[in-house]
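# what follows is a predicted protein model with its sequence.
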Number of protein chains: 2
Amino acid sequence: MSPVRLPDDLVERGVEGKKIVLFVLDGVGGLPHPDTGLTELETAHTPHLDALASRSSLGAFIPVSPGIAPGSGPGHLSLFGYDPLEYVIGRGALSALGVGFDLRVGDLAARLNLATLDGEGRILDRRAGRPSDDEGRRIVEKVRDRLNPPEGVEVFLEHEKEHRVVLVLRGNGLGADLADTDPQSTGVPPLSVKALDPKSERSADLLKDVLGQFETILRDEPTVNGVLARGFAAYEEYPGFQERYGLRALAIAQYPMYRGVARLVGMDVLDIPSDPPGLVSVLEKHFQDYDFFFLHFKYPDSRGEDGDFQGKVEAIESVDPLIPRILELGPETLVVTGDHSTPSTFGAHSWHSVPVLLASPWARSTGTCFGESECRVGDLGTFEGKHLMTLALAHAGRLAKFGA
Amino acid sequence: MSPVRLPDDLVERGVEGKKIVLFVLDGVGGLPHPDTGLTELETAHTPHLDALASRSSLGAFIPVSPGIAPGSGPGHLSLFGYDPLEYVIGRGALSALGVGFDLRVGDLAARLNLATLDGEGRILDRRAGRPSDDEGRRIVEKVRDRLNPPEGVEVFLEHEKEHRVVLVLRGNGLGADLADTDPQSTGVPPLSVKALDPKSERSADLLKDVLGQFETILRDEPTVNGVLARGFAAYEEYPGFQERYGLRALAIAQYPMYRGVARLVGMDVLDIPSDPPGLVSVLEKHFQDYDFFFLHFKYPDSRGEDGDFQGKVEAIESVDPLIPRILELGPETLVVTGDHSTPSTFGAHSWHSVPVLLASPWARSTGTCFGESECRVGDLGTFEGKHLMTLALAHAGRLAKFGA
């Protein structure tokens, strides 16, 4: 997969109207139920989506590359037209964006896991028994209150969820090529911070100081008395939606990670209720103010990861009644798809292609049902996910002809 | 086509079980018979493959790039996940690997054709009347006994088959950018060895010496009295299966070229009988010792090259009864495919896409017959061959999720 490079001047700027709605049903792609041969999406009773499919272009996309199961970050970057093998978001930066932290260019971010150590400093539990969010926040506040930032940097700590914490160092010249301190096993002490290139040696020294203070401050805690750092990442700004596509973009998403990826590509982000009608109410309220809308609905993925076929079917069914409300707004292009497949028989993100429905006056329709079987033989064929945005722009009349 | 670069740490290491079998029916892809509209594969009576197809992911792959008919080397490199436009094996190196020669990094290899010259040194027959293997070996031994290696290099000669001989020079700084001495026509003398860059000038001088001695030694032979050199190639080691995929790999293949390519990517290689039941018996014997098995069956290609439609049908049918024996071993993933198409109406390797059957618990099935028509609308779509290994690894549960 090589980067999408739109030729210069292809994007039409200052277009009024011709709005694009990207409705992401997280993890929507599935595998057939052994008894019926139908996937979750094919099993779901979705009369409005099926009616829309019969006048839409259908297709299937591969999020990263054949055989690669994407995390949510790469899955969404691909949906947004960024080659996820070129634009790799470090876990630390993704976590920081996810909790709404105002990351700046040059910041060094890491994901910390709170852990339990024994009297000899060896890891007993890499997740400290998964503390409650209240307990996690208490620990973070305790460390934040007592920590002395090393000279020349600011230190930020944010609780993420349970045992997960985000650490950000802000200063000049902070290289991020650093090895994880999490040895990924118990019975051994955490690894020391280690620079993997000379530019990251100062960062390593600073982090040793900070993580050392962390453990000193927590020494008297019965359970949460250690910390493991993973996914060190420097934050670099991405070329955003306005710059690349001429789109004022709004993300309507509840979960921090999706809001984070959307912010990374320059979308405005609203924190909203996670129920599908709530998503669409926010869309209705802001429809005149933006050109592009990313709606994110998490539950098909959650039920797929639970291995709950019927629950995933019902999650998909819950969005179907909203389709007429979205169409009523008159978007030029409505895309309904997922960021990856999460088959409930597989119980995890998978590499299988993802069904796409693209409704537009310029669709070339082929099927009568929004499902994997019809999408794979649809007009768009099976394509790399990074091309979806270009297809959406084209179908919305927002791309000029290439060449004379 | 750009190289497949699997992100770091994606490959799960030290996985037990979850074995992958890649069963290559060489040249299996075909074109429809004019009377029936069915290809060789679609004509063949293959009840076991068809039953397996109905619960497998189907697809079609393009070995190199659309319109490019691959040789066996590029075809197999693509199957093994190596971009054949990036990893180019010189003919000489491939021949040397094929005869089991222990090539080392820096060796300079060439394919020699024994030829017949007239009294004026002009070529009468570029293949010396295709001598028997016994005769070819006798000639090679005669030259080997009398040849004085030029100073600073070792010279190795190995008989390959009929008129084909492998020459290897071992020494320091042997550039391989050299033009063939085979003029590809008769009635003219062989060309002199010519360096195409300055780094290969010493190699050219050494080869002139060796090939000159060759002709002197054979001067009294009635038929085999000349030699033509082709495909000069320096040997560079490839990153192997263990390193790239964490797989202990075994090749079960009869023909030297396929054994050679397999050895090049770090597979252990067994020389075995070419009948399909023999292939599977070897698989059964070694199934516990490896993670990945490459089974190569040559005859669909041979019959295709002969233009023998019915012969190719029968070659394909001969493997069908073996499918239950392979499945009985319990591989996590079984791939049945070819390295390229060899349509018998075309009578040669062609550029047409190659049908793929990928059986796994995580397959997304679409069809009921293993054939070109069903494969092209299968779940895997039409994809570049170099992605097949990634798909096989994913379906075998040997790849981690990419990104958070």
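Everything's here; your move. Here the structure is a predicted model, which is why all the values come from computation and not from measurement.

# just confirm yes or no for the helix-or-strand element of chain A with minimal mean pLDDT near chain B.
Ranked by mean pLDDT, DSSP states H and E, the weakest helix or strand in chain A is helix A:91-98, scoring a mean of 84. Yes: Helix A:91-98 lies within reach of chain B by Cβ under 8 Å from any Cβ of the partner chain, at A:91, A:94-95. Yep, even glycine has a C-beta here, placed from its N, CA and C like the rest.

# the residues you listed into JSON lines, with extra columns for neighbour count?
Listed next are the residues of helix A:91-98 next to chain B as JSON lines, based on neighbours: other Cβ atoms under 10 Å in any protein chain shown:
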{"residue": "A:91", "neighbour count": "21"}
{"residue": "A:94", "neighbour count": "26"}
{"residue": "A:95", "neighbour count": "30"}
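
# is chain B within reach of the helix or strand containing residue A:300?
Per DSSP states H and E, residue A:300 falls inside helix A:299-305. No: contact of helix A:299-305 with chain B (Cβ under 8 Å from any Cβ) is absent, the minimum separation being 11.5 Å.

# now stretch A:64-83
Yes: Stretch A:64-83 is in contact with chain B by Cβ under 8 Å from any Cβ, via A:64-74.

# residues in contact with the spatially closest residue to residue A:161 that is not a sequence neighbour?
Of all residues beyond its chain neighbours, the one nearest residue A:161 is residue A:133 (6.4 Å), with distances taken as Cβ to Cβ, 6 or more residues apart in numbering or on different chains. Contact criterion Cβ atoms under 8 Å, 6 or more residues apart in numbering or on different chains gives A:159, A:161-162 as the residues in contact with residue A:133.

# contacts for whichever helix or strand comes after the helix holding residue A:300, please.
Using DSSP H and E, the helix or strand that follows helix A:299-305 towards the C-terminus is helix A:309-319. The contact list for helix A:309-319, computed with Cβ under 8 Å, 6+ apart, reads A:23, A:25, A:27-28, A:30, A:33, A:40-41, A:43-46, A:276, A:297, A:299-300, A:302-304, A:342, A:344-345.

# quick revisit: out of the contacts of residue A:133, which are buried?
Using 16 or more other Cβ atoms under 10 Å in any protein chain shown as the burial test, the contacts of residue A:133 include A:159, A:162 as buried.

# would you map the strands across the stretch 51-200 of chain A?
Counting by DSSP state E, counting those that start in this stretch, the stretch 51-200 of chain A has strands at residues A:56-62, A:108-117, A:123-125, A:154-161, A:164-170, A:178-179, A:194-195.

# got these as JSON lines, with mean pLDDT and distance to residue A:364 columns?
Conversion of the strands of the stretch 51-200 of chain A to JSON lines gives the following (pLDDT from 0 to 100; distance: least, Cβ to Cβ, whole Å):
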{"stretch": "strand A:56-62", "mean pLDDT": "97", "distance to residue A:364": "5"}
{"stretch": "strand A:108-117", "mean pLDDT": "95", "distance to residue A:364": "44"}
{"stretch": "strand A:123-125", "mean pLDDT": "96", "distance to residue A:364": "55"}
{"stretch": "strand A:154-161", "mean pLDDT": "94", "distance to residue A:364": "44"}
{"stretch": "strand A:164-170", "mean pLDDT": "95", "distance to residue A:364": "45"}
{"stretch": "strand A:178-179", "mean pLDDT": "94", "distance to residue A:364": "49"}
{"stretch": "strand A:194-195", "mean pLDDT": "94", "distance to residue A:364": "54"}
